[in-house]
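Visitor: need a structure here:
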Amino acid sequence: MRATRGVLYPARLPDFHRLPPATAARDLAVWFWIPEWSIEPARSSRQEIVGYPALNLVVENGDVSLSGATTRASHRELTGTGWAVGALLRPAAVAALIDDPAALVDAEQPVVAPELADGVSAAMASGEGHRERAVAVFSEWLARRVGPLDDSARHANALVEVLMEEGAADSVEEAATRLAVSLRTLQRLAHRHVGVSPAAMIRRRRLQEAAEHLRLHPSVDLADLAADLGYADHAHLTRDFRNVLGIAPRAYRASSAQDVRSAAAPS
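Guide: Numbers count the residues shown, from 1 in each chain. Just a heads-up that it's a prediction; the model follows:
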């Protein structure tokens with residue numbers, strides 16, 4: 001999965017880093033994301049995301065929270081000074097953290113993990129190399145919490161690879177064939193380890209790719225883009241885009257271009 005695909009306005013990001021997990025957690029986290037910000041008083045920075053269909057485990061301000069997959073674009077207003085360290089979880093990590101990830105869709109819940117909170121907070125305050133130390137601490141804690149992986153967890157990781165990564169399946173049926181499982185098994189894996197259906201995961205990938213294309217290639221024809229991404233027509237793409245992102249593709253293309261121009265302008 002490409003690191004910036006779900007970020008709607010990358011030019012607005014604060015000091016932001018995505019680091020790979022340590023070896024112990026390579027089957028448990030796709031990456032760790034670490035924003036650090038210091039924003040002038042009375043100002044804020046609005047961050048807008050159309051997230052991956054996955055759960056995130058986050059340490060911020062001494063607290064730990066688990067957030068579920070989302071059905072709409074989400075945003076957050078950053079103010080003051082702060083940081084967060086989040087793990088974009090692979091499905092294999094989910095069962096050790098929550099019994100029913102579907103109950104956490106569009107929601108979050110606190111996690112009692114003082115060792116994780118204290119360890120990551122100490123690493124982030126440790127000077128040069130702090131981000132790498134935070135990821136190492138987080139990775140080791142996650143590996144201990146999850147323990148050895150069973151076949152179901154490994155199959156769930158493969159499910160996300162087939163549905164979300166380069167060369168991804170274009171349909172639920174194709175994904176089941178690639179994984180050599182039944183449609184029912186595919187649905188069960190997605191529900192238990194992600195919380196949303198395989199079809200919803202495919203739709204989210206297409207929308208992320210649509211937004212990325214509009215941002216990086218503003219002259220792209222919308223009808224051509226819709227066909228390339230597997231939509232029935234331009235109207236289908238526009239309807240999906242507006243329903244999830246809250247904005248039409250043409251309007252998003254214009255606002256994204258304006259953001260890039262503003263970021264490039266001398267301060």
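
Visitor: how about the lengthiest helix in the chain: buried residues?
Guide: Longest helix in the chain by number of residues (criterion: DSSP state H): helix 198-216. Residues of helix 198-216 classed as buried: 198, 200-215 (neighbour count, 16 or more other Cβ atoms under 10 Å). C-beta here means a position set from N, CA and C on the backbone, and glycine is covered the same way.

Visitor: so for it, what's the average pLDDT?
Guide: In this model, helix 198-216 has a mean pLDDT of 93.

Visitor: So what's the gap between that helix and the chain middle?
Guide: 12 Å (Cα atoms, centre = their mean, to the nearest Å).

Visitor: repeat for stretch 197-209
Guide: 12 Å.

Visitor: again, but for stretch 165-179
Guide: Counting by Cα atoms, centre = their mean, stretch 165-179 comes out at 20 Å from the chain centroid.

Visitor: What of stretch 95-112?
Guide: Counting by Cα atoms, centre = their mean, stretch 95-112 is centred 15 Å from the centre of its parent chain.

Visitor: Convert the C-alpha atoms of it to PDB, please.
Guide: Extracted C-alpha coordinates of stretch 95-112, given in PDB (Å, rounded to 0.1, in the frame of the first residue of the first chain):
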ATOM      1  CA  ALA A  95      -7.900 -10.400  17.200                       C
ATOM      2  CA  ALA A  96      -5.600  -9.800  20.100                       C
ATOM      3  CA  LEU A  97      -7.000  -6.300  20.600                       C
ATOM      4  CA  ILE A  98     -10.700  -6.500  20.000                       C
ATOM      5  CA  ASP A  99     -13.300  -9.300  19.700                       C
ATOM      6  CA  ASP A 100     -15.500  -7.600  17.100                       C
ATOM      7  CA  PRO A 101     -13.800  -5.000  14.900                       C
ATOM      8  CA  ALA A 102     -17.100  -4.400  13.100                       C
ATOM      9  CA  ALA A 103     -18.400  -2.800  16.300                       C
ATOM     10  CA  LEU A 104     -15.500  -0.200  16.100                       C
ATOM     11  CA  VAL A 105     -16.300   1.000  12.500                       C
ATOM     12  CA  ASP A 106     -16.300   4.800  12.500                       C
ATOM     13  CA  ALA A 107     -15.400   4.700  16.200                       C
ATOM     14  CA  GLU A 108     -12.500   4.400  18.600                       C
ATOM     15  CA  GLN A 109     -12.000   3.100  22.100                       C
ATOM     16  CA  PRO A 110      -9.400   3.500  24.800                       C
ATOM     17  CA  VAL A 111      -6.900   0.700  25.400                       C
ATOM     18  CA  VAL A 112      -5.400   0.100  28.800                       C
END
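
Visitor: Show me which residues of it are buried.
Guide: 95, 97, 98, 101, 104, 105, 111.

Visitor: now do stretch 70-83
Guide: Under the neighbour-count criterion of 16+ other Cβ under 10 Å, stretch 70-83 has 70, 71, 73, 78, 83 buried.

Visitor: Let me know the closest of the buried residues of stretch 95-112 to residue 179.
Guide: Taking Cβ to Cβ as the measure, residue 179 lies nearest residue 95 of these, at 18.3 Å.

Visitor: can you list the domain ranges for this structure.
Guide: Domain assignment for the chain by automatic domain parsing gives 10-146, 151-261.

Visitor: if you average pLDDT over the helix or strand that residue 236 is a member of, what comes out?
Guide: Here residue 236 sits within helix 234-245, counting by DSSP states H and E. When pLDDT is averaged over helix 234-245, the result is 93.

Visitor: what do you get for stretch 88-105?
Guide: When pLDDT is averaged over stretch 88-105, the result is 96.

Visitor: mind checking the end-to-end distance for it?
Guide: With Cα to Cα, to the nearest Å as the measure, stretch 88-105 spans 15 Å from end to end.

Visitor: And for stretch 211-220?
Guide: 11 Å.

Visitor: what do you get for stretch 104-123?
Guide: For stretch 104-123, the first and last residues are 29 Å from each other (Cα to Cα).

Visitor: Where does residue 230 sit: helix, strand or coil?
Guide: Look at residue 230: counting by DSSP: H, G, I helix; E, B strand; the rest coil, its state is coil.
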